[in-house]
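J.: mind folding the following:
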Amino acid sequence: MDAEDWTNLGRDALAFLLAASCPGCDRPGTLLCDECRLMLAPQPHRLTTPGGLAVDAALIYEGVAARSIRRLKEDGATILARPLGAALGGVLADVAADAVIVPVPTSRSAFRRRGYRVPDLLVRRAGRRGSRMLVPARRTGDQRELGRDARARNVAGSLRARASAEPGTRVVIVDDVVTTGATLDEAARALRAAGLHPVGAVALAATPRRSAAQGDSPKHASIGYGVPHVRV
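T.: Alright, predicted model coming up:
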């Protein structure tokens with residue numbers, strides 16, 4: 001690149017910054033203000049999926065955290081993967097010290113749309129290395145408006161494992177957001193079918209418990225954040 005190219009690139013970057021606003025408070029001219037960055041400090045919570053898999057979530061999917069994750073996933077603001085990855089890293093350090101980290105795979109359509117895999121990106125920004133042992137086995141429908149049972153049916157049999165480790169290897173599954181736990185349960189099933197041993201899962205954020213009015217009966221309410229995970 002010559003001097004003119006660098007000048008144009010600098011102008012484009014400055015224009016992008018000036019057009020940006022903080023996802024937490026909409027303050028203009030910043031991709032994430034200092035006050036909202038503090039709201040992304042880890043708040044570890046322990047959950048359990050319907051299939052009995054233990055999940056440690058770094059954040060609650062609401063407020064600044066939810067808006068930052070949506071901007072990363074929907075608007076291409078990959079710079080937010082760094083503070084979000086730092087939050088994830090605090091939990092990964094405790095849970096996955098002696099296990100292989102396996103990110104939940106991104107669908108082909110989502111990868112084409114974004115150009116990156118969110119769970120993989122977050123793991124890298126957490127300073128860890130993920131192993132892409134899981135791949136999609138079939139297409140699934142949009143999960144966003146589905147209740148717990150419908151989500152489980154939607155993802156059943158949708159993943160398969162490419163076993164690249166010895167049978168019995170301990171693995172920890174990583175996803176960006178956990179709502180009902182159906183995807184994590186499907187990931188665990190696929191890994192077990194390949195002879196691997198899922199010891200738990202880590203999510204960047206967990207959604208608050210959904211109400212029965214949103215399509216789940218009280219008996220089958222979706223998981224949300226649980227009791228704080230206290231380190232001793």
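
J.: spatially central, which residue of the chain would that be?
T.: Taking CA atoms, centre = their mean as the criterion, residue 176 is the residue nearest the geometric centre of the chain, at 0.5 Å.

J.: quick one, strands of the protein?
T.: Along the chain, counting by DSSP state E, strands occupy 45-48, 54-60, 100-103, 134-136, 159-161, 170-178, 197-206.

J.: elements contacting the fifth one?
T.: Counting contacts by 3 or more CB pairs under 8 Å, 6 or more residues apart in numbering; DSSP states H and E, strand 159-161 packs against strand 134-136, helix 182-193. (C-beta placed from N, C-alpha, C; glycine too.)

J.: so what are the sheet partners of it and their directions?
T.: If you go by DSSP bridges, strand 159-161 pairs up with strand 134-136 (antiparallel).

J.: quick one: contacts for the residue lying closest to residue 173 once chain neighbours are set aside?
T.: Distances taken as CB to CB, 6 or more residues apart in numbering place residue 201 nearest to residue 173, at 4.2 Å, with adjacent residues excluded. Taking CB atoms under 8 Å, 6 or more residues apart in numbering as the criterion, residue 201 is in contact with 49, 53-56, 172-175, 178, 184, 187-188.

J.: what about residue 114, distance to residue 183?
T.: 17 Å (CB to CB, to the nearest Å).

J.: for the protein, which spans come out with low pLDDT?
T.: Filtered on pLDDT under 70, the chain yields the residue ranges 1-19, 137-158, 163, 209-232.

J.: can you give me the helices for it?
T.: Here the chain has its helices, by DSSP state H, at 3-19, 34-38, 63-74, 81-95, 108-114, 118-125, 148-155, 182-193.

J.: mean neighbour count and distance to residue 168 for those - can I get that in JSON lines?
T.: As requested, the helices of the chain are exported to JSON lines (neighbours: other CB atoms under 10 Å; distance: least, CB to CB, whole Å):
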{"stretch": "helix 3-19", "mean neighbour count": "10", "distance to residue 168": "48"}
{"stretch": "helix 34-38", "mean neighbour count": "14", "distance to residue 168": "41"}
{"stretch": "helix 63-74", "mean neighbour count": "19", "distance to residue 168": "34"}
{"stretch": "helix 81-95", "mean neighbour count": "20", "distance to residue 168": "18"}
{"stretch": "helix 108-114", "mean neighbour count": "13", "distance to residue 168": "30"}
{"stretch": "helix 118-125", "mean neighbour count": "23", "distance to residue 168": "22"}
{"stretch": "helix 148-155", "mean neighbour count": "19", "distance to residue 168": "25"}
{"stretch": "helix 182-193", "mean neighbour count": "23", "distance to residue 168": "11"}
